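Visitor: fold the following and give me the result.
(4 chains, ligands or ions: 4)
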Amino acid sequence: MNNPPDISPAQHETEQYAHDVSKHVRGYLIVGGTLIFCTALTVFLSYVNFGSQKANVSVAMLLAAFKAGLVAYIFMHLSAEKKLIYRVLLFTGIFVFALFWLTYLAWYDPISH
Amino acid sequence: MEIPYTVTARPDTGLWNAKIGIWLFLASEVMLFGGLFSAYIFLRLDAEPGYWPHGLLNVPVGTFNTAILIASSVTVVLAWAALKMRQFARYKIYMGITILCGVIFLVVKLGYEWPQKYVHFGAYIKSSALEKYEPLLGNKHLLAEGLPPRVEITGHLHNHEALHDPKIKEYEIALDPVYTDPTNPKMDRPHFLYVPPTEKIGVVQKADVERATMFLPTHNTYFATYFTITGLHGLHVLAGVLVFTYFWLPVGSKLYRENPEHLANRVEVAGLFWHFVDLVWIFVFPLFYLL
Amino acid sequence: MISLALINEFLGLPPNASAHGYQIDHIIEFSHWFMGALFLGWSAFFIYVLIRFRRNRNPVASHEGVTSGISTHLEFAVVLIEAVLLIGFAVPLWAKRVNAFPEEKDAILVHAVGQQFNWNFHLPGKDGVFGRRELALVSNSNPLGLDPADAAGKDDLVALGELHVPIERNVIVDLSSKDVIHNFCLPGMRIAQDAIPGQIIPMWFKPVKTGNYEIVCGQLCGLGHYGMKGMLVVDTPDDYQAWLKERMELSGNQIAPPPLARPPGEPPVGPTPGTVAPPGAPKTEKPGGG
Amino acid sequence: MDASSSVSTQHHHDAHSPAHGSGAAGDHHELPFWRKYIISTDHKVIGIQYGISGLIFLFFGFCLMMLMRWQLAFPGQRLPIVGKMIENVLGPGAMANGVMTPEFYNSLGAMHGTIMIFLGIVPVAFAAFGNFVVPLQIGAPDMTFPKINMASYQAFFVGGLIMLLSFFVPGGAAKGGWTSYTPLSDIADKGPTYHLIFNGQTLWLIAFILLITSSLLGAVNFIATIIQLRAKGMTWMRLPFFVWAQFVTAFLLLLAFPPLESAIVMQLMDRVAGTSFFLPSGLVVNGAAVSISGGGSPLLWQHLFWFLGHPEVYVLILPGMGIVAEILANNTRKPLWGYKSLVLSVLVLGFLSFIVWAHHMWLTGMGTAVSAFFQTTTMIISIPSVIILSAFFISLWGGSIRFTVPMLFATAFLPMFGIGGLTGIPLAFNTADLYLHDTYYVIAHFHYIVAPGTIFALFGGIYYWFPKATGRKMSDFWGKVHFWPSLICMNAIFLPMFLQGMLGMHRRWYDGGQGWNLAAEKVWGLSGFHWNTPISIAAWVMGLAQIPFIINFFWSIRHGEKVDDNPWEATTLEWTAPSPPPHGNFVAAPVVYRGPYEYSLPGRAKDYTMQTEPVQPNERKAPEPTMSLGH
Ligand code: HEA
Ligand code: HEA
Ligand code: CUA
Ligand SMILES: [Cu+2]
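Guide: Numbering: from 1, shown residues only, chains lettered A, B, ... in the order given. Ligands and ions are numbered 1, 2, ... in the order given. Presented below is the predicted three-dimensional model:
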């Protein structure tokens, strides 16, 4: 506790990362292809009748969430991000969810007569 | 003392400054679009049956734009990867493509899609008069199918003067295909390909009309949200394009010669922003174009 | 209970005139006793510490300070009392307010519609059925847009600003607004509710004392907000019938009082809204202006 | 009182800002005047810019209130002298023959709220103190993004300017309250006599977008700085509590402001592009149907507004708590009691503040389930406040308390915040709020927190860190002359408001209750309405009581008593830097060996041990609190 942690910059970390990059390029292309495919799928599925509007919206949102996940995970490197970033995003996620959900509840729990 | 960790990561956090900066900024952007999307949810859930239109936007064009954005997302990571591998020429190419994609997106959006809406016309029929326009609306058929009613007649306005001239008592509308054959089951759901208004003119009495305007933000809450969200999204695209251009121009080369890692970091940060813009569009596209 | 109520009297809470109001008063009382106790306790400690540990008296500070866990007990007590107030009083009381509405057939039904800056009351009349109202029919002489073609509306009463209700009967008010958000607030009845355009929100109460009770508009609604005053008159059943009769004769030609009528003898407050051009507006000649 | 003059004085003051003399830096050549003081990227200069502008806005907001207090106490009577002056500047629409119009009263109210919160307290408490103190306290050379920091100030400045200018457009400044509830603010200031853009409400919205931008840029910077630029050895649990408070505050701004920004954009669309986000169908205004598409929801605005609005109130108080913590530890000469629970409480407070917002909306027609949820969260959020306050009180026990001027303000903060916080509890029960909503009880509740609470903390902070910024001390004597009348007046102003509220007197009443029977009831010997007079007099005396402060402040910049780098004998890092600190702050990068409040360590000659002093082998040492925040 007495010794302050060493926080001088470490060179090797970035270099190693650069080395890994070349391996990722193929992955990026595959993800790009998947995204385009999913877009086509979304368009197609929107013309399929799933029984109700709600069902159609849910399907489309699931697909969108999957695509968004891919973008975030691979393109935005969330797959290999630091814990701190996850925490920031976790709280952000909780708060948007609260915004959506609680507003929704407040709306649909009116004074009844 | 100089500000540390502008290029290299601080070991105990594993992050360099701008990386954390951009993620914090993106967190706030999530909340910003979160606010707008919550508006979308509530306006849509609150809309009376028939008052949240479907199939008014041009799906092929929208799909094309989506693909463009996705492609640009791919090229921007490739540009960054090229920098990481110190291949400057490839960086230039990929970055060039990214910028181009951004520009195409904006041109399609602002130069084609939005203007198409400004010239389209819609007239909401008063509930008391819906019966009268049944031949154009086909609500009995929709009711039987369990679908929401049509309360609006859309198309191209033939007599533009009618908008301003109180002496003209009716709107002459070159009808959209739905209204020419309203009971055809094929017309119940939107189509993939955009079908332009027909030659057939429908005449709607102003006295029977609740509200009639071009497809502007004022037309209904659907277009209000559409223009606001895509407008704000468009501003983000524009910002991204400007930043990329800045890194693409000689400024980038100079920085590359001085400190390639610094440029790579900056491109990564700008790229994160760009992916986020793409990510927002991934939700905007189905919510407005398809559903 | 008598002694508990002291704190409300001490703080100037006016007398309650509704059946449920004493419950509201109780929760106000309890929370103030609770706050008062906390405040006095802390203040005593505070003053003692400031005197006891001032530099002159205690030149050397103790590095450790307090080591006991007394504060945890205190915090626990706070949690407990708050929980009791919440679960024991606030939530059930609210549930009763907003869910357990009295039977409509025994109650006085009123529609109250706010507008800048007045309350319009719509009563169903003898048949107990409200006539149809339509936006397009709204005019100065028909502020609620009552449809003259609707038979149910023929005997309806429309009153402006003043509402009479009989004592000891439940009153259900359906609230809405024509323009902006207002708030229908009856301090004497311990009841308030926002009137929001585009929505109809019900509320209810049961007056138990006759008299005149001011209706406050509790939400900023524009420049005449401060003068948006209504009057609830709680009558004996006979007086109420007399009022109904008088209204019945008048009905059909309601004329709005001037927007900011004040009690007689009251000096006017500032210029009447709307008579003065907004700051910076293009200047027009005012008669006798200088 | 005149908007334009207060702005121009600002440039003037900037010129004399205490950073003068930072030439001591020596590691770089002299910058031209405007680079050094006007568009500087140095966190200290920016902090001082924020501070001075914020204080001026605070004073301006107070002046608006002093005008309103005249109307409340003497409704319909001519305002002597000043009334005529305002009439000459703003026209009879504001002051007709020296009598305030209702429009102008509403403008003043809305602008008082807006200016106090967004242009006064936030810039001073968060941006000014945060900018000046945080990098110094964590041992950083500057903020992580100095240019963004500068942009933040500039956006704030332009936003503030637009806010002020809105008094001069036709129709005057915004009139819808600081909450700008729709539909009122959607339909206000519209019509033939108004410009589409240059009208009060629209300018309010535009200014807000700039202010939000400013806050977001600031928040990103603060968080990144605290995470990245802590000095060697400055672990999370060695951060001064003030830094923790600013850290949480920055997160509140970062995540709560954007939904309001989206709402502002939508309201702007409603006003400028004619959309109906917040307008339901079927509105009839002034007897005529409004031509809009309708279909919007007035409550949507309230949800988005209070989603910011509630976290915002903690933005107003947390930095204040942080300042008070520093001053308490320093002047009791002992460590803060329960550091770890303080940190935990402030984190919990920050988290919970996002899910209590609907307690401002009890009367909008909420059912049982949702209101029970929000009541519960509101109750729970009061617990960390109680813990923080308890820890502060207990910290006093065993101390050797010196009543310096900063300490006087910090001491007064405690019971004042106590009153304000405790009176939040009845408001949190929807059944009690049924009666109290929008009465003066609410006004008194929050003013007790922000006025004798936050403002006192700010005063304390100014007296405390003034020597660091200037190398000189403010006068003790005049500080006390400032303190005592301020304390008395604050209570004389706000205590009677609880009584008025209990009587049922509502806020935003232009006539101060004169026309209302319920305000004619007597309480404590005066009628509710007549209580306005002593309140107003106290408010004006309060204005006079600020004169010693203003004079003391400016006079001391050049003529105050010279002091050394650590005049309060404090322990935290900022006191190891020269006063004023040079560009880059520290002569050599500081290394931290211990917690922030090592006062009165047993067995030492001095009663304070700075964070940079290495731990001696023979030192008896309590285990440090640890808590992993993760990397
Ligand atoms: C900094 C500002 C701030 C703070 C910290 C708070 C804190 C709290 N507020 Fe307040 N509030 C406002 C600013 C603030 N508020 C504003 C501006 C409004 C009005 C907005 C408007 O409409 O314009 C408002 C309105 C408001 C309302 C809505 C009222 C209405 O409109 O009808 C409610 C309702 O629940 C509420 C509740 C609370 C609660 C439960 C707390 C709790 O967090 C308080 C917890 C604190 C304590 C419990 C005190 C603990 C201390 C001790 C125990 C020690 C005591 C010591 C001594 C006495 C020596 N507040
Ligand atoms: C941070 C917020 C804040 C602060 C500090 C204050 C401070 C004060 N407020 Fe305000 N007030 C609000 C926020 C605030 N208010 C809000 C949000 C509303 C609701 C608005 C609405 O209805 O929408 C309101 C409403 C409000 C009302 C109700 C009006 C109405 O409903 O009609 C009243 C009535 O008396 C009032 C009074 C006061 C007074 C007397 C002070 C005094 O305590 C002021 C004391 C100020 C000072 C002492 C400043 C001193 C500054 C200096 C000395 C700096 C000078 C230094 C230099 C120039 C270097 N306020
Ligand atoms: Cu109606 Cu205020
Ligand atoms: Cu709150």
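Visitor: what about the residue positioned nearest the centre of chain A, helix or strand, and which?
Guide: With distances taken as CA atoms, centre = their mean, the residue of chain A nearest its centroid is A:Gly69 (3.5 Å). When elements are defined using DSSP states H and E, A:Gly69 is found to belong to helix A:53-70.
Visitor: quick check: mean pLDDT of that helix?
Guide: Averaged across helix A:53-70, pLDDT comes to 92.
Visitor: is the next helix or strand after it anywhere near chain D?
Guide: Once the chain leaves helix A:53-70, the next helix or strand it forms, by DSSP H and E, is helix A:83-108. Yes. For helix A:83-108 and chain D, the contact criterion (CB under 8 Å from any CB of the partner chain) is met by A:83-84, A:87, A:91-92, A:95, A:98-99, A:102-103, A:105-107. In short, each C-beta sits where N, CA and C put it, glycine included.
Visitor: could you dump these into CSV with pLDDT and neighbour count added?
Guide: Converted to CSV, the residues of helix A:83-108 next to chain D look like this (pLDDT from 0 to 100; neighbours: other CB atoms under 10 Å in any protein chain shown):
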residue, pLDDT, neighbour count
A:Lys83, 87, 13
A:Leu84, 89, 17
A:Arg87, 91, 13
A:Phe91, 94, 17
A:Thr92, 94, 23
A:Phe95, 95, 23
A:Ala98, 92, 15
A:Leu99, 92, 24
A:Leu102, 86, 22
A:Thr103, 83, 25
A:Leu105, 83, 16
A:Ala106, 79, 24
A:Trp107, 78, 19
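Visitor: and the residues you listed, which two are furthest apart?
Guide: The widest separation within these, taken as CB to CB, falls between A:Lys83 and A:Trp107 and amounts to 36.0 Å.
Visitor: against chain D, how distant is the residue in the stretch 151-290 of chain C that chain A sits nearest to?
Guide: At 4.2 Å from chain A, C:Pro202 is the closest residue in the stretch 151-290 of chain C, using CB to the nearest CB. Separation of C:Pro202 from chain D (CB to the nearest CB, to the nearest Å) stands at 9 Å.
Visitor: which residues touch that residue?
Guide: A:111, A:113, C:101, C:172-175 (CB atoms under 8 Å, 6 or more residues apart in numbering or on different chains).
Visitor: buried subset of those residues?
Guide: Under a neighbour-count criterion of 16 or more other CB atoms under 10 Å in any protein chain shown, the subset of those counted as buried comprises A:111, C:101, C:172-175.
Visitor: closest to D:Pro580 among those residues?
Guide: Comparing every one of the buried ones among the contacts of C:Pro202 with D:Pro580 (CB to CB), the shortest separation belongs to A:Ile111, at 59.2 Å.
Visitor: ok, back up a step: in a markdown table, list the buried ones among the contacts of C:Pro202 along with secondary structure, pLDDT and distance to B:Leu287.
Guide: A markdown table is the format used below for these (DSSP: H, G, I helix; E, B strand; the rest coil; pLDDT from 0 to 100; distance: CB to CB, whole Å):
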| residue | secondary structure | pLDDT | distance to B:Leu287 |
| --- | --- | --- | --- |
| A:Ile111 | coil | 81 | 31 |
| C:Phe101 | coil | 89 | 38 |
| C:Ile172 | strand | 95 | 40 |
| C:Val173 | strand | 95 | 39 |
| C:Asp174 | strand | 93 | 35 |
| C:Leu175 | strand | 94 | 34 |
